[in-house]
Structure formats: structure tokens, C-alpha cells
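Q: Here is the input, now give the coordinates:
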Amino acid sequence: MTIADLSKIAGRAYPARRHTRNLVGGASPLQAENFCMGYVTLEPDGGQVPWHNQEQEEVYFIVEGTGEACLGQERTLLESGQACYIPPRVFHQLTNVGQRPLVLIYVYGPAGEVAHWRQELEGTLPRAGSQAPPLPAGARPQHTEASG
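A: Numbers count the residues shown, from 1 in each chain. Presented below is the predicted three-dimensional model:
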């Protein structure tokens, strides 16, 4: 039996102030054909999964914290214990609006890499309002800078 132990998965830090650890897929010892799953921590006051889309459908489950979720032209707050569905190809973003870390679990399928991870590291994420649809009115700005 193959086990993925969260305490032993180093994961990766991203420029938008988040840390992602793959539980199923990616660098995890667990692999599945039909889905990927991960554990993400967004830093307080602005840590983010930036505005992006992908071919896979996805679910975010908020384990702890409060975040501003943008999905297409909708904007709402998500809190601990809530989940939201993200349809394929729809632009979305999640920003920690609290003073504590926001922890979430994502699940997407089918399995495979999503481009926004590489794009964020390279500083090539499509920019909201010019290369991608605009963010919903009042949304926190998209983080687009690569760390250097």
C-alpha cells in the first residue's frame, strides 16, 4: 500500500504567497488516473491562488480561514467548512482575506498538471482584463509577479 504522509511532503512555495503540497498526483507517491488532490496554505492578508483557468473541473474545500473566491464574474467569501465547485475553463481566484493562514484542499480531475503553477513561477500568468477576462468588481487584484 502506498501512503502519502502530509508531514513528509515538502511541497512548493509560490510567488502569490501560498504553499502547495500534492497528496495525489504531481510529486506525491500516490498517483491516480482520474483526479489530483492537494493541501494548500495561503498566507494571511493576501496569500492567493491567482486568477487562472484550466481544462479540469475542480473543488476547493476550506479547512480553516476565510477567503475571497472569484469565479467568472461572481465574488463571495468562503469560510471554514465550505466547498465550492469550479467548472472546467472558468477563470477563478482565491485570496486569503483573514489575518490567519487559510488552509484548503483541492481536488481536480482528470489528473494531470495544470499550467498556472508553471506560469506563476515564470511570471507568465495571463493578466486579468487584458490577456484574460477581468476580475469581478471589487475583487482583490491578481498576483502576477514571479519571485526572483
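Q: Need the residue closest to the centroid of this protein.
A: By CA atoms, centre = their mean, the chain has its centre lying nearest to residue 49, at 4.1 Å.
Q: That residue against residue 43, yeah?
A: No. Contact criterion CB atoms under 8 Å: residue 49 and residue 43 do not qualify, at 11.8 Å. (C-beta placed from N, C-alpha, C; glycine too.)
Q: Show me whatever sits in contact with both of these two.
A: Residues touching both residue 49 and residue 43 (CB atoms under 8 Å, 6 or more residues apart in numbering) are residue 18.
Q: Now the residue nearest to the centre of the chain: closest residue in space that isn't a chain neighbour?
A: Nearest in space to residue 49, with sequence neighbours left out and distances taken as CB to CB, 6 or more residues apart in numbering, is residue 94 at 4.5 Å.
Q: Do you know the pLDDT at the one you found?
A: If you check residue 94, the pLDDT there is 98.
Q: that's a helix at it, yeah?
A: No. Counting by DSSP: H, G, I helix; E, B strand; the rest coil, residue 94 is not part of a helix but strand.
Q: For residue 115, see how far away it is.
A: 17 Å (CB to CB, to the nearest Å).
Q: Show me what the lowest-mean-pLDDT helix or strand in the chain is packed up against.
A: Least confident helix or strand, the chain: helix 115-122 with a mean of 92, by mean pLDDT, DSSP states H and E. The contact analysis (3 or more CB pairs under 8 Å, 6 or more residues apart in numbering; DSSP states H and E) places helix 115-122 against strand 12-14, strand 48-52.
Q: Now that helix: buried residues?
A: Neighbour counts over helix 115-122 (16 or more other CB atoms under 10 Å) mark 116, 119, 120 as buried.
Q: Thought residue 70 was touching residue 135, still the case?
A: Yes. Assessed by CB under 8 Å, residue 135 is found in contact with residue 70 at 5.8 Å.
Q: Residue 10 and residue 21, how far apart?
A: On the measure of CB to CB, residue 10 and residue 21 end up 7 Å apart.
Q: If anything else comes up later, I'll come back, but that's it for now.
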